[in-house]
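Novice: any chance you can model this:
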Amino acid sequence: SLIPALEIQKTKLKGEIKFTGFLSNDQVLALLRNNQIMLFPSYSEAVGLAVVEAMKAGVIPVTSDLNSGLPEIVINDLTGFRVEIGDEKGFAEKVAYLYHHPERMHKMRMDAIKLANEQFDPLKQTGEIETFIKLISESSFNKNFNNGEYGFRLDSKYLPNAATVFLRKIIALVQGSAMA
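Specialist: Next up is the predicted model:
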């Protein structure tokens, strides 16, 4: 597991790695303000909003190299690092690299903040979602979808994440307004 690999590096990093366990939202925000690196050794993740939140706070993500939305925001050696899934030693090496290269870490922190703020602006994204919903509600896709002409992947039970639940609610609202 990742923890033994990090415990080995911990001795090299003068005890500056802390394992916190579960934290409240307020504790997480305080932690982000006081740290520089976030490890995200996930085996499965759609977007990784925790990574986005960390980047907005100037925390460099070291994430698993997942086939997901993460590569769009965690750009290797620019806004963070992506490490092969399950490569505990690789995660530990990236942490050690950043620790020993403070000038590089500073530049990556600035790049992470910039990219996260540009790509994840809540006001901009809300407008884009509203435009998308309006477009879908007025489109022939919506009429064909209601007739069962198209399948829809969000109907699958194997995608039970918060984004899917949210999108299912939007689709239900759009379908309801199109029928009215």
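Novice: use CA for all of it now, contacts and neighbours both
Specialist: Fine.
Novice: sec struct for residue 61, please.
Specialist: Secondary structure assignment for residue 61 (DSSP: H, G, I helix; E, B strand; the rest coil): strand.
Novice: so it bridges to which residues?
Specialist: residue 38 (DSSP bridges).
Novice: and the gap between it and residue 48?
Specialist: 10 Å (CA to CA, to the nearest Å).
Novice: and these two? Which one has more around it.
Specialist: More crowded of residue 61 and residue 48, by other CA atoms under 10 Å: residue 61, with 29 against 16.
Novice: what sits against that one?
Specialist: 37, 38, 39, 40, 51, 54, 55, 74, 79, 80, 81 (CA atoms under 8 Å, 6 or more residues apart in numbering).
Novice: so which of those residues is the most crowded?
Specialist: residue 55 (30 neighbours).
Novice: can you pull the pLDDT of that residue?
Specialist: On the pLDDT scale, residue 55 is placed at 95.
Novice: just the ones in strands from the contacts of residue 61, please.
Specialist: Those of the contacts of residue 61 mapping onto strands are 37, 38, 39, 40, 81, per DSSP state E.
Novice: which of the residues you listed lies closest to residue 89?
Specialist: Nearest to residue 89 among these, counting by CA to CA, is residue 39 at 12.5 Å.
Novice: you'd agree that closest one is up against residue 55?
Specialist: No. Assessed by CA atoms under 8 Å, residue 39 is found out of contact with residue 55, at 11.8 Å.
Novice: quick one: the strands in this structure?
Specialist: Using DSSP E, the strands of the chain run over 37-40, 60-64, 81-83.
Novice: can I get those in JSON lines with distance to residue 28 and mean pLDDT?
Specialist: Shown next, in JSON lines, are the strands of the chain (distance: least, CA to CA, whole Å; pLDDT from 0 to 100):
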{"stretch": "strand 37-40", "distance to residue 28": "11", "mean pLDDT": "92"}
{"stretch": "strand 60-64", "distance to residue 28": "15", "mean pLDDT": "95"}
{"stretch": "strand 81-83", "distance to residue 28": "21", "mean pLDDT": "96"}
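Novice: for residue 124, find the nearest of these.
Specialist: Evaluated with CA to CA, those place strand 60-64 nearest to residue 124, the distance being 23.6 Å.
Novice: point me to the residue sitting closest to the centre of this structure.
Specialist: For the chain, residue 48 is the residue whose C-alpha lies nearest the centre (CA atoms, centre = their mean; 2.0 Å).
Novice: my read: that one touches residue 70, true?
Specialist: Yes. Counting by CA under 8 Å, residue 48 touches residue 70, with 6.6 Å between them.
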